[in-house]
Structure formats: structure tokens, C-alpha cells
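S.K.: Generate coordinates for the sequence data below:
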Amino acid sequence: MLVKTFGSAVYGIEATTITVEVNILAGTKYFIVGLPDVAIKESYFRIESALKNCDYRMPRQQVVVNMAPADIRKEGSAYDLTIATAVLAASGQMEAENLVKYIIMGELSLDGTLQPIKGALPIAIQARKEGFKGFILPKQNAREAAIVSGIEVYGVDSIKQVASFFNGDALLEQEIVNTREEFYNSLSNYDSDFSEVKGQENIKRALEIAAAGGHNVILIGPPGAGKTMLARRLPSILPPLSLHESLETTKIHSVAGKLAAADALVTVRPFRSPHHTISDVALVGGGGNPQPGEISLAHNGVLFLDELPEFKRSVLEVMRQPLEERRVTISRAKFTVDYPSSFMLVASMNPCPCGYYNHPEKECVCPPGVVQKYLSKISGPLLDRIDLHVEVTPVNFNELSSERLAEKSEDIRERVIKARDIQIERFGNKPDLHANAQMSPQMVRELCKINEAGQNLLKRAMEKLGLSARAYDRILKVARTIADLAASEEIKLEHLAEAIHFRSLDREGWAG
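M.R.: Residues are numbered from 1 along each chain as shown. Alright, predicted model coming up:
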């Protein structure tokens, strides 16, 4: 008897429906065709054991499993349940009448229980698009799939539940998630706040500018000055995610298997902080079965690189293109996948190997030339892509012991949202543009015009600091953001001067 069931394969952040055909004939062997990988070929042993432990039987005849389209490579163990239900139906142990109405996915344990899968959200979106009635999957993934309206989502614990459902012996409980309620209820649930940071008002100002314009920033200062603490609080002053951004971010985390069972949506902006030993592929994504990297997991959020010079140079260089294009394209011989990677880069570093160059109290013990050599680990083209270079100085005892409460993240976020609203209105006819940092060079010329006094100031700064053409654009973008924070239509001299001030690493003689 021939039976068809349906599963799904995820490529990039999009899903493709896979038809699983099972035919039972006279004979004794088990064949699986349609470009399966090793995990799928091994499914026979998991399925046989799971069926036996749930009081079903594996047919002792020839079982042929075809996974169509046959020219697409299928990978992973998530097809176990898809194949197992087709085997049960083809061998007459389960009714086959309603199988074609559902996408069925899940990895089987030997006792018949189900393990979670990756990519439940894009699979549910594609299933709704193709008109399937429902999606049956492991209970751990049910909430993330249930945020898709217009399709019934059933979370199950074992294959026995699935068989009982199709045989009409039991009903499955539909997972229902109110997407908008889920989204708005946990929109600003941040664990940390800027009010916890003593002093560092100039650094907070720099991060406020960065948040308002979506600018990349690097913090340079000695150990213990608070660089990491400040960076970790940056998401708390960014504008809340829109529902569209939330769904897009959730898709990426779903594909990477990073969503917890209790989570349905990613409702706060991601903060990713990879260790400096990370590889190129882990950062940008890829591998034999391409997976999103850290820069895609930071999409619509913040990527924090602590101790930037300690990262391998090759790792830092592969970020240059994604920083400009805000997406990563991973090409293989037979297919290409795109992952979005629109993130804010926040980096921190010590000014030298010992950490105390330019320290107000402690003396630097690095030999001559070492500071420059340390900074040269970061290439000029990468530094040009970082808009704000901010020097962080240690907080003195009086500020640390002060009882005065600092400004809350909520208050800073309000100013950031107002500045972003100005930018959204400015870029109203360009839906892909949300912040000043995303402006093209042509738009910078149109929207960041400065008067003659400003031109003279910028000319002197360019000549003295030896800035590149890209750094020129960055200064104008930052000045435009500072003007937006001040609700000024024009870029004034003080806005331009403050923007130039945030190019510390370009200053002549900064590193000796």
C-alpha cells in the first residue's frame, strides 16, 4: 500500500515542503531514497525501536521510502515522525485518510517519545502558505509554531498520541498563542538598566547617540572601567522591536534551535557576545548544512565583541561586507542561502596589552611601539566602518560611592525613540531604511548638508586626522543623529564638533 505524508526542509530562513512516500511490497529490505543524509538513513533503527516500544510493529516486508523532490538534499533527524506515521498507515496500523492535511515533523527516541526540532516557525509559515490544515510536532516546539495564525498546531509527546489521533481514538489539544498579547506583554523585559551605572555620563551619551542612529561603536579603556557593563545595557535603550522585526528575529533563532520551549517570540532585541576564539564560520554562518552565525543571531539587536584585538584577524575581516550590506550570502555548489544580519556592532578593547596606556593614574609598562602594534591588529577598513570611537576612563571613588540615582534606561529610550521617529519620517518612502547609519553615500550628500563654517571645521579635522572618505561620511551621519536628538533640522557646528570628537582612534599621535 502506498501512503504519502508531508514534512519540511529549511534552507536559510525559508522552508520547502517535502513529500514522504512509503510503499510496502513483497520482500524483506528497507530502502530510503531521495538524497537523505546519514541521520535520515539511521532513522530505520529509531523508528523500529519506537514502534515496538509503543506496541506497534515494523513491517517484515520490503519498505521503500521516497523523499521528494528527490534532487534536494534532506538532512537531520526531524523526519523520523514523518516516515514513521507513513509506515504505520501503509502497513494498516493507522488510518491514512487525513494524513495529507498535516505537516508532521519530529525526532523519535527509542521509546517513542519526541525530541525537539529546529525551524518550527518557518515550517509553520510555509505550511499555512500552502494551505495545510495543521502542523503536528514535538510539544517543546509547539509555542513557537503556534504564533502563526490560520493553521492548527498540535504539540505531541509521543508517536502513540499521533497514531491515536489519526485513528480517531483520541483528540489532540491545539496549542494557541495570542501573538500580539505575547509580543506586547514582554516587550521591555530587560534584566539590566543604565540607572545601575555610576558616572560615565560621556559614555552614556555616546551610546545614546549610537542607539538613536543605529551606529557601530568601539569603547577603548583600561580593565575595570565598565566597558562590558555599559555595552550589555545598550539593548535596554534601543527602540522596542516591531512585530515584523520580532517575527523575523524569531525565525532566525528558530532555525538555529536557540528558542526555549517556553518562548513563542523573541520580544527583546538580541544581545550576542561571542568569545574571541570564535571561528569565521561560527561568526558569519555556514558549514556543510548552513546554519546562521552570531551576526545573524544578533539581527535587529547588538553584537558585542569584547577584547576586539584578541579576535583572529580573518574573523574580523569577514564581517566587513555584512556590516555594509546587512545580510550574509552563503554559497554552495547546488544552492545559495541568505541570512539577514542588520545589527549594531559594539566592540571593546584595552588601549594596549597591559591595559593602562593613557590611564590617568597607572603607568603603562608596554615597550615602545607595542601600543601601535596592538592597535594595528584591527584593520583600517574595519575601523572606518565603526562610527563612534569612545575613550572610557575609570570611575573615581566619589562617583562610585555617590547615592545619586543615574538616569533610567526608560528615559534615555524615550529620547532615542523620538530621534528614530524623525528618521523614519525622513526615510518614509524607503521601507528598508530605519536609521541614519543605513544611509547610502548619495543620501548623506542630500540629507546631511552643512554650512560653510561646518565645511571649514570638517576640512580642518580631515586634514589633521588624515580621515578617509568613508570616515567623512560617518562623521556626517553621526552629526545628523546628534541633530535629530536635539530635534534640529540643520546640522549645527556643535553637532559636527561632537561627531568629530568621537573619532578617537583617528587622532594623530593617539597611540604614540
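S.K.: So Pro360 belongs to a helix, correct?
M.R.: No: Pro360: not assigned to a helix; according to DSSP: H, G, I helix; E, B strand; the rest coil it is coil.
S.K.: Please name the residues that touch it.
M.R.: Thr393, Pro394 (CB atoms under 8 Å, 6 or more residues apart in numbering). The way it works is simple: take the backbone N, C-alpha and C, and place the C-beta from them, glycine included.
S.K.: can you give me how far stretch 119-127 is from the chain middle?
M.R.: Its chain's average C-alpha position is 17 Å from that of stretch 119-127, according to CA atoms, centre = their mean, to the nearest Å.
S.K.: Other residues contacting that stretch?
M.R.: By CB under 8 Å, 6+ apart, stretch 119-127 touches 8, 10, 13-17, 103, 105, 135, 137, 141, 144-148, 151, 153, 247, 250-251, 254-255.
S.K.: pLDDT on that stretch, on average?
M.R.: For stretch 119-127, mean pLDDT rounds to 95.
S.K.: repeat for stretch 32-41
M.R.: On average, stretch 32-41 scores 93.
S.K.: Now do that stretch: distance to the chain's middle.
M.R.: For stretch 32-41, the separation from the chain centroid amounts to 30 Å (computed by CA atoms, centre = their mean).
S.K.: hmm, back to that, mark which of the contacts of stretch 119-127 are buried, thanks.
M.R.: Buried subset of these (neighbour count, 16 or more other CB atoms under 10 Å): 8, 10, 13-15, 17, 103, 105, 135, 137, 141, 144-148, 151, 153, 247, 250-251, 254-255.
S.K.: Tell me which residues of the lowest-mean-pLDDT helix or strand in the chain come out buried.
M.R.: Taking mean pLDDT, DSSP states H and E as the measure, the helix or strand of the chain with the lowest value is helix 397-400, at a mean of 71. Buried residues in helix 397-400, counted by 16+ other CB under 10 Å: none are found.
S.K.: How far does that helix sit from its chain's centre?
M.R.: Per CA atoms, centre = their mean, the centroid offset for helix 397-400 relative to its chain is 37 Å.
S.K.: Who are the packing partners of it?
M.R.: Taking 3 or more CB pairs under 8 Å, 6 or more residues apart in numbering; DSSP states H and E as the contact definition, helix 397-400 has no neighbouring helices or strands.
S.K.: I'd like to know which of the contacts of stretch 119-127 are part of strands.
M.R.: Ser8, Val10, Glu14, Ala15, Thr16, Thr17, Ile103, Phe135, Leu137, Val153 (DSSP state E).
S.K.: a markdown table please, covering those and showing pLDDT and distance to Gly301.
M.R.: Converted to a markdown table, these look like this (pLDDT from 0 to 100; distance: CB to CB, whole Å):
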| residue | pLDDT | distance to Gly301 |
| --- | --- | --- |
| Ser8 | 96 | 27 |
| Val10 | 91 | 21 |
| Glu14 | 90 | 21 |
| Ala15 | 93 | 23 |
| Thr16 | 94 | 28 |
| Thr17 | 96 | 31 |
| Ile103 | 97 | 30 |
| Phe135 | 97 | 28 |
| Leu137 | 96 | 27 |
| Val153 | 96 | 27 |
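S.K.: Can you tell me which of those residues is closest to Ile72?
M.R.: Closest approach to Ile72 among the ones in strands among the contacts of stretch 119-127 (CB to CB): Thr16, at 6.8 Å.
S.K.: Now do the same contact list for the closest one.
M.R.: Thr16 makes contacts with Ser8, Ala9, Val10, Ile72, Gln126, as judged by CB under 8 Å, 6+ apart.
S.K.: Need phi/psi at the closest residue in space to the first one that isn't next to it in sequence.
M.R.: Which is Ser8. Distances taken as CB to CB, 6 or more residues apart in numbering place Ile123 nearest to Ser8, at 4.2 Å, with adjacent residues excluded. Dihedral angles of Ile123 (phi, psi; degrees, to the nearest 10) stand at phi -70, psi -40.
S.K.: What of the one 5 residues further on?
M.R.: Reported as degrees, to the nearest 10, the phi and psi values for Arg128 are phi -60, psi -40.
S.K.: Contacts only, for it.
M.R.: Arg128 is in contact with Val148, Ser149, Gly150, Ile151, counting by CB under 8 Å, 6+ apart.
S.K.: Any chance of TSV for those, columns distance to His495 and pLDDT?
M.R.: TSV is the format used below for the contacts of Arg128 (distance: CB to CB, whole Å; pLDDT from 0 to 100):
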residue	distance to His495	pLDDT
Val148	45	92
Ser149	45	90
Gly150	48	92
Ile151	50	95
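S.K.: got the ones in strands among the contacts of stretch 119-127 as TSV, with distance to Leu382 columns?
M.R.: Below are the ones in strands among the contacts of stretch 119-127 laid out as TSV (distance: CB to CB, whole Å):
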residue	distance to Leu382
Ser8	38
Val10	32
Glu14	31
Ala15	35
Thr16	36
Thr17	41
Ile103	43
Phe135	43
Leu137	42
Val153	44
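S.K.: now, among these, which is nearest to Ile491?
M.R.: Distance to Ile491, by CB to CB, is smallest for Glu14 among those, at 41.3 Å.
S.K.: what's downstream of the least confident helix or strand of the chain, the next helix or strand?
M.R.: Next helix or strand after helix 397-400 toward the C-terminus (DSSP states H and E): helix 409-426.
S.K.: Tell me who's in contact with the most centrally placed residue in the chain.
M.R.: Among the residues of the chain, the one closest to the centroid is Leu297, at 2.0 Å (CA atoms, centre = their mean). Applying CB under 8 Å, 6+ apart to Leu297 gives the contacts Ile252, His253, Ala256, Lys258, Pro270, Arg272.
S.K.: Am I right that Ile103 is in contact with Ala9?
M.R.: No: between Ile103 and Ala9 there is no contact under CB atoms under 8 Å: 11.4 Å.
S.K.: What is the neighbour count of Arg57?
M.R.: If you count neighbours by other CB atoms under 10 Å, Arg57 ends up with 12.
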